[in-house]
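Participant: missing the sequence, but the structure's below:
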């Protein structure tokens with residue numbers, strides 16, 4: 001890519017030197033791109049960001065309008081039509097729907113004690129699954145404060161249709177000075193935070209290249225960027241941590257104005273900022289041919305547009321080479337990365353309901369304002385009007401009442417009908433917000449109400465699926481970040497017992513790819529119908545089914561082991577038992593029970609029945625000969641090492657993996 005003729009940086013300013021801070025002092029093992037590439041990269045990304053800002057002006061205006069609707073703030077402070085001081089209320093239709101859905105999703109995500117569950121992909125990794133699950137949820141609660149960030153992330157998604165979160169590794173240090181017990185002055189560097197961090201990025205501050213809009217792929221698009229605001233104190237801390245360089249260059253140029261969205265938020269909160277002392281920095285992640293070899297490299301950096309200064313430009317510092325951004329959409333658009341939110345769905349509905357509501361109030365104001373008309377010249381004296389007053393007139397028509405308002409009962413029905421249209425569009429019904437249906441009332445049966453709620457929950461399935469997939473990707477990135485940055489055993493292992501600690505320590509010294517290859521992470525708590533009562537009822541139901549199953553299996557085994565029973569009856573009993581076990585496994589899978597096979601007995605293996613498609617000598621029903629795998633000595637098969645009910649297959653020597661297993665740990669003996 002050719003360089004621009006006009007220089008990106010002031011020629012009087014010395015060039016940015018490579019980052020020479022020791023890796024032990026930086027928050028990531030940064031590797032700077034060559035200094036002679038800075039001007040080229042800076043000119044390119046600056047033009048791309050400026051162009052993207054111009055192209056998305058209408059989108060940002062829409063976001064501002066949706067925020068206003070959510071806050072239920074009128075467009076003008078005081079109406080002057082149809083008269084000064086007319087009703088100026090805003091019915092919070094958008095906020096009502098958004099808050100109801102947010103509460104539902106937050107409860108579904110965090111009602112359970114743990115957000116994530118880990119399941120081993122094979123028996124070799126079974127020892128590791130539970131310790132990793134316990135550690136991962138501990139990190140989410142104590143290091144990342146996941147619930148706090150997810151609240152903003154989900155709220156952005158529901159309001160404007162698209163939520164963006166970023167998961168990074170951050171090591172932030174601060175220089176502190178204090179006195180010790182003897183009065184001496186101590187000056188030292190303190191680590192404020194070290195670990196993964198999740199940040200919600202407002203959609204108005206998130207920019208992507210055009211190829212990402214329709215491909216819906218943040219990992220392979222040309223570039224993406226996010227706008228961030230930093231105080232001077234934060235910039236100096238980032239510089240002392242080895243993240244930013246030469247921040248003094250931008251000190252004379254803080255931002256001079258705010259965005260339209262920020263101005264809207266200031267009006268919503270009633271705060272008017274008179275002066276801005278922070279700095280607008282754009283962090284970008286891009287694919288760029290740094291070495292001019294025809295192969296794109298993954299880079300990231302930070303640029304201050306006003307001063308045309310690059311504060312950082314390095315290769316992607318993460319071993320997994322993924323970009324740390326994750327998108328969720330409330331209602332997906334076809335062939336677009338941006339979704340549809342409640343603000344867009346209910347914008348015209350709220351405006352119509354608000355208009356009808358204000359008209360009803362204004363009409364009531366007129367109806368309650370009684371005026372009188374009199375014939376000119378009837379009387380010259382001013383007379384008060386009060387209950388029981390007597391008015392003297394020459395003719396009965398000289399003084400009459402003047403009605404200015406008229407009752408409109410249909411307006412209320414029109415307002416309710418418009419609200420019903422909004423409910424159909426969003427799927428947020430009376431039951432969603434926790435009240436009885438206005439149409440059915442209290443006469444509905446529990447069964448019908450449950451069926452209606454279950455049917456209504458299907459509307460949220462797409463949103464739930466997006467969140468579930470994004471949280472799973474975040475969990476894998478967290479594991480890979482710890483494997484990269486704290487793989488030397490300095491992790492907080494206090495939450496493990498000695499046996500678990502040995503396993504986890506060894507695991508974090510392995511390549512990052514082992515996380516996705518061998519540990520299946522999921523977010524089982526995220527279910528549109530999830531709550532504690534349903535969970536308890538589910539397990540109680542499964543326990544009853546299991547009790548009935550094993551009771552019937554014992555009866556079938558009694559028939560099979562009875563030497564007096566005819567062979568056809570024995571074969572029928574075992575076939576029925578095998579079919580019942582298969583049905584029970586299907587039931588467990590339908591309830592999303594992980595590793596369902598562990599709870600189901602293997603009838604064929606226990607009684608020496610040949611598997612389906614096997615030789616005729618071992619088929620069920622060949623009960624006359626023990627050598628043929630029949631039923632003359634059924635206990636023999638159980639005593640020769642056949643798996644017991646629910647038993648876990650034994651691990652081969654060599655621990656979690658084996659030398660021949662690609663996904664194993666290459667024979668880590670400590671994990672045996």
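Facilitator: Good, I have the coordinates. Because the structure is a prediction, the values reported are computed rather than measured.

Participant: what is the burial count for residue 284?
Facilitator: The local packing count at residue 284 equals 22, with neighbours defined by other C-beta atoms under 10 Å. All C-beta atoms are positioned from the backbone trio N, CA, C, and that covers glycine.

Participant: count of residues packed around residue 192?
Facilitator: Residue 192 is flanked by 13 other residues according to other C-beta under 10 Å.

Participant: what sits closest to it if chain neighbours are left out?
Facilitator: Counting by C-beta to C-beta, 6 or more residues apart in numbering, residue 192 lies nearest to residue 172, which is 4.6 Å off, once chain neighbours are set aside.

Participant: I'd like to know how far the one you found sits from residue 239.
Facilitator: Here the distance between residue 172 and residue 239 works out to 12 Å (C-beta to C-beta, to the nearest Å).

Participant: which residue ranges of the stretch 51-200 of the chain form helices?
Facilitator: Chain-ordered helices for the stretch 51-200 of the chain, with DSSP state H, counting those that start in this stretch as the definition, fall at 57-71, 93-110, 126-142, 146-160.

Participant: model confidence over the second one, on average?
Facilitator: For helix 93-110, the mean per-residue pLDDT is 89.

Participant: same question for the third one.
Facilitator: Predicted confidence along helix 126-142 averages 86 (mean pLDDT).

Participant: what sits up against it?
Facilitator: Residues from elsewhere that reach helix 126-142 (C-beta atoms under 8 Å, 6 or more residues apart in numbering): 113-120, 146-147, 195-196, 475, 478-479, 482, 492, 495-496, 500, 503-504, 507, 518-519, 521, 648, 656, 671.

Participant: helices or strands up against the helix or strand where residue 587 lies?
Facilitator: Secondary structure assigned from DSSP states H and E places residue 587 in helix 567-590. If you count contacts as 3 or more C-beta pairs under 8 Å, 6 or more residues apart in numbering; DSSP states H and E, helix 567-590 packs onto helix 532-561, helix 603-606.

Participant: report the angle between it and helix 532-561.
Facilitator: What separates the directions of helix 567-590 and helix 532-561 is an angle of 160 degrees, with axes from the mean of the first three to the mean of the last three C-alpha atoms, to 10 degrees.

Participant: outline the domain layout of the protein.
Facilitator: Residue ranges for the domains of the chain, per automatic domain parsing: 23-74+91-342, 349-460, 532-647.

Participant: of all those, which lies closest to residue 511?
Facilitator: domain 23-74+91-342 (8.2 Å; C-beta to C-beta).

Participant: look at the spatially closest residue to residue 259 that is not a sequence neighbour and give its secondary structure.
Facilitator: Distance criterion C-beta to C-beta, 6+ apart; nearest residue to residue 259, sequence neighbours excluded, is residue 204 at 7.0 Å. On the three-state scheme (DSSP: H, G, I helix; E, B strand; the rest coil), residue 204 is labelled helix.

Participant: the strands in the protein, which residues?
Facilitator: Counting by DSSP state E, the chain has these strands, from start to end: 117-120, 162-179, 185-201, 206-208, 223-230, 279-288, 297-304, 309-315, 325-329, 371-374, 399-402, 519-522.

Participant: distance from the chain centre to the second one, please.
Facilitator: For strand 162-179, the gap between its own C-alpha mean and the chain's C-alpha mean amounts to 21 Å (C-alpha atoms, centre = their mean, to the nearest Å).

Participant: that strand pairs with which strands, and in what direction?
Facilitator: strand 185-201 (antiparallel), strand 325-329 (antiparallel) (DSSP bridges).

Participant: list of residues touching the first one?
Facilitator: Around strand 185-201, the neighbours that count as contacts under C-beta under 8 Å, 6+ apart are 27, 139, 143-144, 146, 149-150, 152-153, 156, 163-180, 226, 240, 325, 474, 477-478, 481-482.

Participant: list the buried ones in it?
Facilitator: With burial defined by 16 or more other C-beta atoms under 10 Å, the residues of strand 185-201 counted as buried are 194-201.

Participant: dump these into JSON lines; add pLDDT and distance to residue 108 as well.
Facilitator: Output for the buried residues of strand 185-201, formatted as JSON lines (pLDDT from 0 to 100; distance: C-beta to C-beta, whole Å):
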{"residue": "194", "pLDDT": "84", "distance to residue 108": "31"}
{"residue": "195", "pLDDT": "88", "distance to residue 108": "26"}
{"residue": "196", "pLDDT": "92", "distance to residue 108": "23"}
{"residue": "197", "pLDDT": "92", "distance to residue 108": "24"}
{"residue": "198", "pLDDT": "94", "distance to residue 108": "18"}
{"residue": "199", "pLDDT": "93", "distance to residue 108": "22"}
{"residue": "200", "pLDDT": "95", "distance to residue 108": "18"}
{"residue": "201", "pLDDT": "95", "distance to residue 108": "23"}
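
Participant: and the most centrally placed residue in the chain, how far from residue 126?
Facilitator: Nearest to the centroid of the C-alpha atoms of the chain, with distances taken as C-alpha atoms, centre = their mean, sits residue 467, at 4.2 Å. Counting by C-beta to C-beta, the gap between residue 467 and residue 126 amounts to 28 Å.

Participant: cool, residue 112 as well?
Facilitator: Taking C-beta to C-beta as the measure, residue 112 falls 22 Å from residue 126.

Participant: who's more crowded, these two?
Facilitator: The residue with more neighbours, out of residue 112 and residue 126, is residue 112; 20 against 17, by other C-beta under 10 Å.

Participant: how near is the more buried one to residue 543?
Facilitator: Shown here: residue 112 relative to residue 543, a distance of 19 Å by C-beta to C-beta.

Participant: check contacts around the closest residue to residue 369 other than its chain neighbours.
Facilitator: Once its chain neighbours are removed from consideration, residue 369 has its nearest residue in residue 404; the separation is 6.0 Å (C-beta to C-beta, 6+ apart). Residue 404 makes contact with 366-367, 369, 371 under the criterion C-beta under 8 Å, 6+ apart.

Participant: picking up where we left off before, of all the strands paired with strand 162-179, which lies closest to residue 268?
Facilitator: Residue 268 lies closest, by C-beta to C-beta, to one member of the strands paired with strand 162-179: strand 185-201, at 17.8 Å.

Participant: any low-confidence regions in the protein?
Facilitator: With pLDDT under 70 as the threshold, the chain has low-confidence stretches at 1-29, 378-382, 405-409, 429-458, 487-493, 512-515, 524-535, 594, 609-672.

Participant: identify the residues contacting residue 422.
Facilitator: Taking C-beta under 8 Å, 6+ apart as the contact definition, residue 422 lies against 93, 97, 345-346, 349-350, 353, 428.

Participant: err, residue 119, not the other one
Facilitator: 129, 519-522, 594-595.

Participant: including distance to residue 296, could the strands paired with strand 162-179 go into CSV?
Facilitator: Supplementary listing: these in CSV, determined by distance: least, C-beta to C-beta, whole Å:
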stretch, distance to residue 296
strand 185-201, 24
strand 325-329, 18
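
Participant: among these, which comes closest to residue 277?
Facilitator: Put simply, out of these the one that sits nearest residue 277 is strand 185-201, at 21.6 Å, with distance taken as C-beta to C-beta.

Participant: and residue 205, how many residues sit next to it?
Facilitator: Other residues lying near residue 205 total 17 when counted by other C-beta under 10 Å.

Participant: tell me the spacing between the nearest residue to it once chain neighbours are set aside and residue 55.
Facilitator: Setting aside the residues directly before and after it, residue 205 is nearest to residue 227 in space (C-beta to C-beta, 6+ apart), at 3.9 Å. With distances defined as C-beta to C-beta, the gap from residue 227 to residue 55 amounts to 15 Å.

Participant: which one's more surrounded, the two?
Facilitator: Between residue 227 and residue 55, counted using other C-beta under 10 Å, residue 227 has the larger neighbour count: 18 against 11.

Participant: quick check: bridge partners of that one?
Facilitator: The residues paired with residue 227 through beta bridges, assigned by DSSP bridges, are residue 282.

Participant: my read: it touches residue 282, true?
Facilitator: Yes - with contacts defined as C-beta atoms under 8 Å, residue 227 counts as touching residue 282 at a distance of 5.7 Å.
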